[in-house]
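In: From the sequence below, what's the structure:
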Amino acid sequence: MGLVSGSEVTSSKPFPDELARAVSQVALDLNLPEDWLNPGPTDLLDFGLPEGFLNRAHRVEIGPPLTVYFCDRFDQVHFKLYAMVDNGGGRHAEDLRALDPTPEELVAAARWTTTHDPSEGFRGQLVLALAEFGVRDVDIG
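Out: Residues are numbered from 1 along each chain as shown. Predicted coordinates for the structure are as follows:
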């Protein structure tokens, strides 16, 4: 998603050299695809993260100099709903189902997604996606 600097999340494109080397080493060690970790999601920073994102993140000290912040389940619901609608379902829909979001979480996520894509086409697909999860007739802003 990004790099944490103080109380801000900043772009991770491109990865810092040290991180890029570590990502490559983990891919080799665990026989993972080279792009198992990539800066693609950092584009979400362009329009803002859900309010309170960093406060909810789970900080884990891996060891000097690496500290990882894992996004909270609430924020994962936001990101997966956005990706599901933006990319037409697929694995993102499966991931969202696995998170078992509440209707309230889905509505909050839906409102956030419209800040990233306010188009009518997106909104129409968003309404259909919410209906798949039993959320109907809500004001998503």
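In: okay, CA-based contacts and neighbour counts for the rest of this
Out: Noted.
In: where's the residue nearest the centre of the chain relative to residue 18, distance?
Out: Geometric centre of the chain, nearest residue: residue 79, 3.5 Å, by Cα atoms, centre = their mean. Using Cα to Cα, to the nearest Å, we find residue 79 at a distance of 27 Å from residue 18.
In: same deal with residue 84?
Out: 32 Å.
In: who does the helix or strand harbouring residue 59 pair up with?
Out: Element membership of residue 59 [criterion: DSSP states H and E] is strand 58-63. Here strand 58-63 is paired, per DSSP bridges, with strand 66-70 (antiparallel).
In: so who does residue 86 touch?
Out: Going by Cα atoms under 8 Å, 6 or more residues apart in numbering, residue 86 touches residue 122.
In: So which residues of the chain form strands?
Out: 3-5, 8-10, 58-63, 66-70 (DSSP state E).
In: can you list contacts of the strand holding residue 59?
Out: 67-72.
In: ok, now with 6 Å
Out: Strand 58-63 is contacted from outside by 67-70, using Cα atoms under 6 Å, 6 or more residues apart in numbering.
In: hmm, which two among those residues are most spread apart?
Out: 67 and 70 (9.9 Å; Cα to Cα).
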